[in-house]
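**Q** Let me see the structure of the following:
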Amino acid sequence: MLHTKSDFEFIKGKLAHKLQPWKAGFDVLAASDFVSLNYVANPQIKIVRGGETREEPDPDNYSNAFRDAAAAYQFGLMYNLTGNTKYADKAVQILNAWAITNKSITGNSNKFLASGIYGYQFANAAELVRGYSGWKTAEFKTFQNWMLNVWYPMALDFLQRHNGTCATHYWTNWDIANMTTILSIGILTDDQAKIDYAIDYFKKGIGNGNIFKAVVYRHKVGNEDLGQGQESGRDQGHATLNISLYGAFCQMAYNIGIDLFAFDNNRVLALAEYTAKYNVDTTNSVPFLPYKNCDPGIEHHTVSSAGRGNVRPCWELIFNHYAKIKGLKATYSQQFASKLRPEGGGGNYGPKSGGFDQLGFGTLMYSR
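**A** Residues are numbered from 1 along each chain as shown. The predicted model follows:
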């Protein structure tokens, strides 16, 4: 999904000669607490996000999902980069434990954030060890069914109904997270209809995950193409989250032969450059036009400074694709990537959910 066999061969070649920045990226991964072979998963019968509410009286426990998804992914990376089957065994152990234990995702409306963000992460972790001989066929089938029965229906329901609200009520990150889960499940289960649905939603979906609604205006400033995001007037924590999610979505599509990075004259790049310019240097200014959604009370008249400078390990993917693979200018994405290099992943950016919203390790996995 996020990485191909040729990617791993390329990176292993760099690591064999201790070349930078790949070595620095690998060193961050190898030092992670989430690749300790003593790591113990903590699967839950129900994942609760939005607990202690009218809809769900039990307390939140979703940190177990984001921690274990991050661990399974990191073990999968270590296995593919080192060939050590102990890492693959740990990834399989975590994935099997969740697939046979977990039955539902509950909570108030925030349960749909869980279905989006952690669904694609579990699926990507599974794809990394999909071909491992130690993962029995029946166990992998059980995992696929878990994704189909627990994760997919929630993600699809959200994109179709938006929890009973008007189509643009929810912010972009809610849509793109669930789109990313559906795309990843489509790939994991070899289901072309699910893949097509996610790709089609990116181009013309009813909600704000539609890239034309996620990028509400494109500003031409000199030779810069800056895409004002639907969440730019909300806060920068969520504005940068959208970069990590669109990056993952487009990378998975790209690896199955669909170039959404280039769609509508690189619309995703315009969004990334606007967001990076405003956040990488607080002396930078960006243009802003008023925005409102389908709810009467939601109107933005200025770019939000809340959370400005927010750090997420998502810029290497964007910079390297556009600048190194496509040969395009990605000025501010490059600056942000350089500032954060080497990128880490889950566990390197604090214990709260924001530090686990993206799988990370872009310096290691995307540098070219």
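**Q** Could I get the average pLDDT for the helix or strand that contains F143?
**A** For F143, the enclosing helix or strand under DSSP states H and E is helix 137-146. Average pLDDT, helix 137-146: 98.
**Q** What is that helix packed up against?
**A** helix 85-101 (3 or more Cβ pairs under 8 Å, 6 or more residues apart in numbering; DSSP states H and E). Where you see a C-beta, it was placed from the backbone N, CA and C, and this is true even at glycine.
**Q** need the contact list for S333.
**A** L269, A272, E273, A276, W315, I318, F319, Y322, A323 (Cβ atoms under 8 Å, 6 or more residues apart in numbering).
**Q** what about the first one, how many neighbours?
**A** This means L269. 24 (other Cβ atoms under 10 Å).
**Q** Return the residues in contact with it.
**A** Going by Cβ under 8 Å, 6+ apart, L269 touches D225, G227, F261, I318, Y322, L328, A330, S333.
**Q** my hunch is that it is in a helix, does that hold up?
**A** Yes: under DSSP: H, G, I helix; E, B strand; the rest coil, L269 sits within a helix.
**Q** how near is it to T331?
**A** 10 Å (Cβ to Cβ, to the nearest Å).
**Q** could you give me the average pLDDT of the helix or strand harbouring A126?
**A** In this structure, A126 sits in helix 111-128 according to DSSP H and E. Helix 111-128 shows a mean pLDDT of 98.
**Q** Just the angle for it relative to helix 137-146, thanks.
**A** Inter-element angle recorded for helix 111-128 and helix 137-146: 160 degrees (by axes from the mean of the first three to the mean of the last three Cα atoms, to 10 degrees).
**Q** which stretches of the stretch 151-300 of the chain aren't confidently modelled?
**A** The model of the stretch 151-300 of the chain has no residue with pLDDT under 70.
**Q** Can you show me the helices along it?
**A** 152-161, 172-188, 192-204, 211-214, 236-255, 263-280 (DSSP state H, counting those that start in this stretch).
**Q** which one of those helices is the most hemmed in?
**A** Most buried of those, by mean neighbour count (mean count of other Cβ atoms under 10 Å): helix 172-188, with a mean of 28.
**Q** Tell me the helices and strands packed up against that one.
**A** helix 111-128, helix 152-161, helix 192-204, helix 211-214, helix 236-255.
**Q** what angle do the third one and helix 236-255 make?
**A** So that's helix 192-204. Using the same axes, to 10 degrees: helix 192-204 against helix 236-255 is 130 degrees.
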